[in-house]
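Trainee: what's the 3D shape of this:
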Amino acid sequence: MNAAERPRERLLAKGAEALSEGELLAILLRSGRRGENALDMARRLLSEAGGSLTTLFEGGSELLSGVSGVGPSKAASLLAAFELGRRFVEEQGVGKGLEVRHSGQIFRRMLPRLKGLRHEECWIVLLDVRCRIIDIRRMTVGGGRKTIVDPQAIVRAALEKAASGIILIHNHPDGDPRPSEADIRETSAMRLAASSCSLNLLDHIVVADEHYYSFSDEVVY
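Mentor: Numbering: from 1, shown residues only. Just a heads-up that it's a prediction; the model follows:
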């Protein structure tokens with residue numbers, strides 16, 4: 001491969017935005033193997049993942065390091081870059097102190113953290129009396145089908161931060177954002193627990209990759 005075609009040189013000359021996903025992955029891989037350069041290996045990885053970065057990374061280190069030619073070191077570099085990208089997107093989203101006016105703001109803020117997960121997680125957003133974000137925190141991590149919503153722990157966290165409102169968020173790994181019967185029961189229990197302590201449960205948002213359901217809006221987006 002001549003110098004003008006090498007991903008690293010192209011990035012330095014034209015900027016990262018000019019590179020394909022395969023070229024960016026090739027830079028992280030650094031080297032290929034006998035009969036396959038880094039760019040060919042990167043393209044193979046993407047092809048095996050159906051062209052989806054989410055599919056490529058959701059298997060974690062065990063899956064990536066088991067791919068022929070990758071190994072633990074290259075897998076660690078790929079996963080580190082993926083996590084940095086996700087955290088960067090989080091910083092660009094809704095931040096502390098911003099007033100929340102609609103469910104889409106929370107969905108965009110939480111999507112980088114919940115997209116592609118193969119297990120459920122429960123998060124809360126705590127707000128002051130003007131609906132400005134005070135804190136965002138993960139409360140529980142569950143299995144592939146279920147996570148536990150603990151109303152007492154959530155209320156305690158809200159009172160510690162002197163919050164006025166709570167937004168509950170959890171994900172559905174199966175890609176369907178519609179709430180289950182258990183989700184509906186837990187929302188009712190959470191609303192009751194919050195109101196008993198003069199707190200407001202403002203919404204419960206179910207995230208499923210690029211879609212979400214808002215109990216407040218009662219609609220799937």
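
Trainee: low pLDDT regions in this structure?
Mentor: 1, 3, 89-96, 143-145 (pLDDT under 70).

Trainee: buried residues, the helix of greatest length in the chain. List them.
Mentor: The helix that spans the most residues within the chain, counting by DSSP state H, is helix 71-92. Buried residues in helix 71-92, defined by neighbour count with 16 or more other Cβ atoms under 10 Å: 74-75, 77-79, 82, 90. Bear in mind the C-beta positions are built from the backbone N, C-alpha and C, glycine included.

Trainee: tell me what it is packed against?
Mentor: Judged by 3 or more Cβ pairs under 8 Å, 6 or more residues apart in numbering; DSSP states H and E, helix 71-92 is in contact with helix 21-29, helix 53-58, helix 60-65, helix 103-114.

Trainee: change it to 10 Å
Mentor: Helices and strands touching helix 71-92, by 3 or more Cβ pairs under 10 Å, 6 or more residues apart in numbering; DSSP states H and E, are helix 21-29, helix 38-48, helix 53-58, helix 60-65, helix 103-114.

Trainee: quick check: domain ranges of this structure?
Mentor: Split into domains by automatic domain parsing, the chain comes to 3-90, 98-220.

Trainee: for those domains, which one ends up most surrounded?
Mentor: Compared across those, domain 98-220 shows the largest average neighbour count, a mean of 17 (mean count of other Cβ atoms under 10 Å).

Trainee: okay, how far is it across it, tip to tip?
Mentor: 24 Å (Cα to Cα, to the nearest Å).

Trainee: and the closest residue to Asp174 other than its chain neighbours, backbone torsions?
Mentor: Nearest residue to Asp174 in three dimensions, chain neighbours excluded: Ala208, at 7.3 Å (Cβ to Cβ, 6 or more residues apart in numbering). Ala208 has phi and psi values of phi -140, psi 90 when expressed as degrees, to the nearest 10.

Trainee: can I assume Ala208 is in contact with Arg178?
Mentor: Yes - here Ala208 reaches Arg178: they are 8.4 Å apart, a contact under Cβ atoms under 10 Å.

Trainee: hey, what's in contact with both of the two?
Mentor: Both Ala208 and Arg178 are contacted by 172, 220, under the criterion Cβ atoms under 10 Å, 6 or more residues apart in numbering.

Trainee: so Glu9 touches Ala26, yeah?
Mentor: No - if you go by Cβ under 10 Å, Glu9 and Ala26 don't touch, sitting 11.6 Å apart.
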